[in-house]
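Participant: Sharing a model that was predicted from the sequence below.
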There are 2 protein chains.
Amino acid sequence: MDDAIDGIVGQWRAERPDLGDEELAAMALFGRLGRLAQVAEPLVGRVFVRHGLATGEFDVLAALRRSGEPFTLTPTALARQLMLSPAAMTNRLDKLEAAGRVDRRLDPENRRSMLVTLTPAGLEMVDGVVGEHVANERELLSVLSAADRARLDVILKRLLAGLADT
Amino acid sequence: MDDAIDGIVGQWRAERPDLGDEELAAMALFGRLGRLAQVAEPLVGRVFVRHGLATGEFDVLAALRRSGEPFTLTPTALARQLMLSPAAMTNRLDKLEAAGRVDRRLDPENRRSMLVTLTPAGLEMVDGVVGEHVANERELLSVLSAADRARLDVILKRLLAGLADT
DNA sequence: GTCGAAAAGTACGATATCGAAATATTCGTC
DNA sequence: GACGAATATTTCGATATCGTACTTTTCGAC
């Protein structure tokens, strides 16, 4: 069965018959990857919306939570983990702090640095949401067989590793 | 070999042993999908940057080009294909028109509607770039075996179809 | 020990997106 | 054929991001 990406590739094949099959197959694959990320985001994020969180806010709380006691990281470490600019992290932390979900204080060891910590309210929030979040992700993937899920994960991991040092 | 996503899942397993293996596997898969989209974008887009185009601008020109003669679509059709809001498409078209790569004129058949067309300069631009673009995508995927690429495409297509009607 | 280089965080300006409202036109129903 | 609903596009306000510049603090080489 043809999908939207097949239609796009078919148009290119008709309009530019000089493009090779391997190249068009690569275009299809990247097209599906991009579209999947775009389609998946709201489906994954609906859990957060139910709890009054944006996806990006959950990401910050989750990074602090899984780092373990005392649930503390620097803005730079958070920005690196979430692949954000430091400026974007400042913005997210401003809002999370205003909402009472994280605290910011100076690092006594290094006065250039800040320490960002989950507040009790922030900890309660992320612990209450994460179970529902992963259950939702599991449910979304139930459209694939267990074998397909396993193969997909392996190949994505290979591709990610291969592109990382490009 | 463990990657960044394995590390994240390992942290969750240590901190929240109540989360199930299936759920954590789903989290890993979505994490890899999201990260891949994030990592791939600049690698794919470097071709456009070399030609003074943003990825989003190329996407518009490419949609017009592959639609075939007379390289004309409405803003609404473009917005739907690229999964953008109509407002975002207005913005992109404003810039492409100012750069002389597309024309906008009223549809004589339906005066609510606009017809967006590639200018000769826009056509030359997209035709000059698309070959290099797909060659780059093919090269990026060469880190996978042909069998892996084929399997990946099939599974992504299944997942996309499964999530579409969710 | 001092001084230039590097690092951490924030502020600022620019950009791209969205949702909602506004405007103009067409369609469908009675 | 009139009128309300639907459609196409744009405008506006809000938001999230980035890159760059700036301030403060620490590190390293001599």
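Facilitator: Arrived safely.

Participant: switch to C-alpha atoms for all contacts and neighbour counts from now on
Facilitator: Will do.

Participant: State which helix of chain A is the longest.
Facilitator: Of all segments of type helix in chain A, defined using DSSP state H, the longest is helix A:21-50.

Participant: for it, packing partners?
Facilitator: helix A:4-15, helix A:55-66, helix A:120-141, helix B:21-50, helix B:120-141, helix B:146-164 (3 or more CA pairs under 8 Å, 6 or more residues apart in numbering or on different chains; DSSP states H and E).

Participant: any chance of these in a markdown table, plus mean neighbour count and distance to DNA strand C?
Facilitator: Listed next are the helices and strands packed on helix A:21-50 as a markdown table, based on neighbours: other CA atoms under 10 Å in any protein chain shown; distance: least, CA to the nearest atom of the strand, whole Å:
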| stretch | mean neighbour count | distance to DNA strand C |
| --- | --- | --- |
| helix A:4-15 | 16 | 18 |
| helix A:55-66 | 20 | 13 |
| helix A:120-141 | 18 | 18 |
| helix B:21-50 | 18 | 12 |
| helix B:120-141 | 18 | 17 |
| helix B:146-164 | 17 | 17 |
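
Participant: Could I get the ones you listed in TSV, plus columns for mean pLDDT?
Facilitator: Putting the helices and strands packed on helix A:21-50 into TSV (pLDDT from 0 to 100) gives the following:
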stretch	mean pLDDT
helix A:4-15	97
helix A:55-66	98
helix A:120-141	97
helix B:21-50	96
helix B:120-141	97
helix B:146-164	96
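
Participant: quick one: is the longest helix of chain A near DNA strand D?
Facilitator: No. Judged by CA under 7 Å from any atom of the strand, helix A:21-50 and DNA strand D are separated, with a smallest distance of 12.0 Å.

Participant: same thing with stretch A:109-119?
Facilitator: Yes. Judged by CA under 7 Å from any atom of the strand, stretch A:109-119 and DNA strand D are in contact via A:E109, A:N110, A:R111, A:R112.

Participant: what about that stretch, how long is it end to end?
Facilitator: One end of stretch A:109-119 sits 21 Å from the other (CA to CA, to the nearest Å).

Participant: Show me how far that stretch is from its chain's centre.
Facilitator: 24 Å (CA atoms, centre = their mean, to the nearest Å).

Participant: List the buried residues for it?
Facilitator: A:M114, A:L115, A:V116, A:T117, A:L118, A:T119 (16 or more other CA atoms under 10 Å in any protein chain shown).

Participant: can you list contacts of that stretch?
Facilitator: A:61, A:64-65, A:70-75, A:100-107 (CA atoms under 8 Å, 6 or more residues apart in numbering or on different chains).
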